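Asker: missing the sequence, but the structure's below:
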């Protein structure tokens, strides 16, 4: 099955079509690299696996990986592209309990998902339920401090809410008492590619993302704008770049911060 790029789901085949896509890809790869010590020889749940390439990477180290997503098309793509004996893909209903027993996993990964979640208490509650005592949640989400103006709603039409460090920690501490935050940053000439993209979009979309617009209207206006701009074309020919994921760093208090990285323990 061919999975179409939406701008929200990373598809490896498209990652070198532009320098902006390549930097976003490196941010994803750096996230999974950071996760390696948390998954080695452990039972892992990848909660929101998308196209499945990251789940497959984690399965190289983990005892087992269960990877779930709300999009059946993404799951079909993942099953077709990443078969492994210790890797299972499953489509889920986001409003229903996870189809796993209490304490089934040692580690849960939630990468670039939390900003899409409406009922965050249910989402985090289910993660806590399926984590074994002493288990770890590793959650990564965009940092609104570099993407949005104060009070601005997300210019990404798929995002329900974007978080700063304080609001993310407050949301997670409703279910997890032990939450530590780190940041994703990196070599300035590399991360400036993403900073410029976000700066351009936050100003261009400002009329549609003012807080006076109800959320449903915000989404309708952003959908209309995307429709007027036309459907994305085929990926451009692959290009070569002189940097790789080593240009991206994750650590405490790094600035400017592209993503927030939360480590929570049950």
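Answerer: Good, I have the coordinates. None of these values were measured; they are calculated from a predicted model.

Asker: Tell me, how many residues neighbour residue 65?
Answerer: The local packing of residue 65 (other CB atoms under 10 Å) involves 30 other residues. To be clear about C-beta, it is placed using only N, CA and C from the backbone, and glycine gets the same treatment.

Asker: I'd guessed it sits against residue 42; true?
Answerer: No. Using CB atoms under 8 Å, residue 65 is not in contact with residue 42; the gap is 9.3 Å.

Asker: where's residue 266 relative to residue 51, distance?
Answerer: Distance, residue 266 to residue 51, using CB to CB, to the nearest Å: 28 Å.

Asker: So between the two, which is more surrounded?
Answerer: For residue 266 and residue 51, the more surrounded residue by other CB under 10 Å is residue 51, and the numbers stand at 23 against 20.

Asker: So which residue is smack in the middle of the chain?
Answerer: residue 112 (1.2 Å; CA atoms, centre = their mean).

Asker: which residue packs closest to it, ignoring adjacent ones?
Answerer: residue 140 (6.3 Å; CB to CB, 6 or more residues apart in numbering).

Asker: what about the one you found, which helix or strand?
Answerer: Following DSSP states H and E, one finds residue 140 within strand 131-142.

Asker: And the next helix or strand past that strand?
Answerer: Following strand 131-142 in sequence, per DSSP H and E, is helix 165-172.

Asker: Measure how far that following helix is from the centre of its chain, please.
Answerer: 16 Å (CA atoms, centre = their mean, to the nearest Å).

Asker: what's that helix packed up against?
Answerer: helix 120-130, strand 178-186, strand 259-265 (3 or more CB pairs under 8 Å, 6 or more residues apart in numbering; DSSP states H and E).

Asker: who does the shortest one pair up with?
Answerer: Each strand that pairs with strand 259-265, with its direction, by DSSP bridges: strand 131-142 (antiparallel), strand 178-186 (antiparallel).

Asker: And the longest one, what's buried?
Answerer: By neighbour count with 16 or more other CB atoms under 10 Å, strand 131-142 contains the buried residues 131, 135, 136, 137, 138, 139, 140, 141, 142.

Asker: Select, from these, the two members most distant in space.
Answerer: 135 and 142 (24.7 Å; CB to CB).

Asker: hang on, the earlier thing: of the buried residues of strand 131-142, which is the nearest to residue 107?
Answerer: Nearest to residue 107 among those: residue 136, at 5.1 Å, using CB to CB.
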